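**Q** sequence and predicted structure are below.
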Amino acid sequence: ARKVLVCLPEPFIEALDAYGRENGTGRGGSIQKLLEGLLETPQAPEPLPPAQKELVSLELVQRNNPLYKQFRNRHYIPDRGLVGQQLLYLVFYGNEVVGVIGGASAVFTSQARDEFWDLSTDKDTKTRQLNSIVNNCIFRLEYPAPNLATIVLAMWRKRIATDWKKQYGVEVAGFETFVVEERLWKENTRTGASHAADNWERTGSNKG
């Protein structure tokens, strides 16, 4: 069980309190008692089989694509828009859209990233260097097949390197991404495990 906030009309609360006084239960206990036998605990779904690479494909779309917007709006980071170069994709598994992934212009300031790539301190030179680094600005999957995230990341890196050069005339030298580390409701912690499984290196932490 986990705590939830429940708002009930006043007559219902009064009836609940009366039931509690009669049966020696609080409001939460009374609700549980009254619902006994009425709600069945659902069985855990069967685990999905490992993802098959041949079923994965990417489709380049515009930012205003309705399917892209649906998945983007469910991402844990609010959509504040993108500035600069960007290429966005729908992720297909078979014939079904199961997520989105995209790349955009690298952020200008990131000390750990700058040190990792040994970027220039000259603004103009650094700007040219950053044109070759793609920021994985969005990645959301809603089909939890084992290994699917790693397959998608590897496929996306190859695909966007080709599309980036075609669209912007720039060779891709590397990639960056930023992960907000926080506890999740299943007692897990978001740590960027999908990127780590695709052999991305953690360079450090940033604030802001």
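**A** The structure has been received and is ready for your questions. Numbers count the residues shown, from 1 in each chain.

**Q** and Lys165, how far is that from Lys123?
**A** Lys165 sits 24 Å away from Lys123, going by Cβ to Cβ, to the nearest Å. Just so you know, the C-beta spots here come from the backbone N, C-alpha and C atoms, and that holds for glycine as well.

**Q** with neighbour numbers in mind, choose between these two.
**A** A side-by-side neighbour count of Lys165 and Lys123, using other Cβ atoms under 10 Å, places Lys165 first with 13 against 8.

**Q** quick check on the more buried one: phi, psi?
**A** phi -70, psi -40 (degrees, to the nearest 10).

**Q** next: Asp198.
**A** The phi/psi pair for Asp198 (degrees, to the nearest 10) is phi -90, psi 20.

**Q** if I look at Cys116, how far off is Leu141?
**A** Let me fix one detail, which is that residue 116 is Phe and not Cys. Separation of Phe116 from Leu141 (Cβ to Cβ) stands at 26 Å.

**Q** so which of those two has more stuff around it?
**A** Leu141 (18 against 15).

**Q** dump the residue contacts of the more buried one.
**A** Val91, Val98, Gly99, Leu148, Ala149, Val152 (Cβ atoms under 8 Å, 6 or more residues apart in numbering).

**Q** burial measure for the closest residue to Gly84 other than its chain neighbours, as a count.
**A** In space, and not counting its chain neighbours, Gly84 is closest to Ser105: 3.3 Å by Cβ to Cβ, 6 or more residues apart in numbering. Close neighbours of Ser105, defined as other Cβ under 10 Å, add up to 18.

**Q** ditto for the one 5 residues further on
**A** Number of residues near Ser110 (other Cβ under 10 Å) recorded here: 20.

**Q** pLDDT score for it?
**A** Ser110 is assigned 89 on the pLDDT scale.

**Q** surely it meets Glu176?
**A** Yes: the criterion here is Cβ atoms under 8 Å, and Ser110 meets it with Glu176 at 7.2 Å.

**Q** picking that back up, the contacts of Leu141: which two are farthest apart?
**A** Val98 and Ala149 (10.6 Å; Cβ to Cβ).

**Q** okay, buried residues for stretch 172-180 please.
**A** For stretch 172-180, the neighbour count (16 or more other Cβ atoms under 10 Å) marks Val172, Phe175, Glu176, Thr177, Val179 as buried.

**Q** and the closest residue to the first one other than its chain neighbours, helix, strand or coil?
**A** Distances taken as Cβ to Cβ, 6+ apart place Ala161 nearest to Val172, at 4.2 Å, with adjacent residues excluded. Classification of Ala161 by DSSP: H, G, I helix; E, B strand; the rest coil places it in helix.

**Q** around Ala161, how many other residues sit close by?
**A** 18.

**Q** kindly report the same for Asn65.
**A** 17.

**Q** try Ala106
**A** 24.

**Q** Provide the backbone phi and psi angles at the closest residue to it other than its chain neighbours.
**A** Nearest residue to Ala106, sequence neighbours excluded (Cβ to Cβ, 6+ apart): Ile133, at 4.1 Å. With angles defined as degrees, to the nearest 10, Ile133 sits at phi -110, psi 130.
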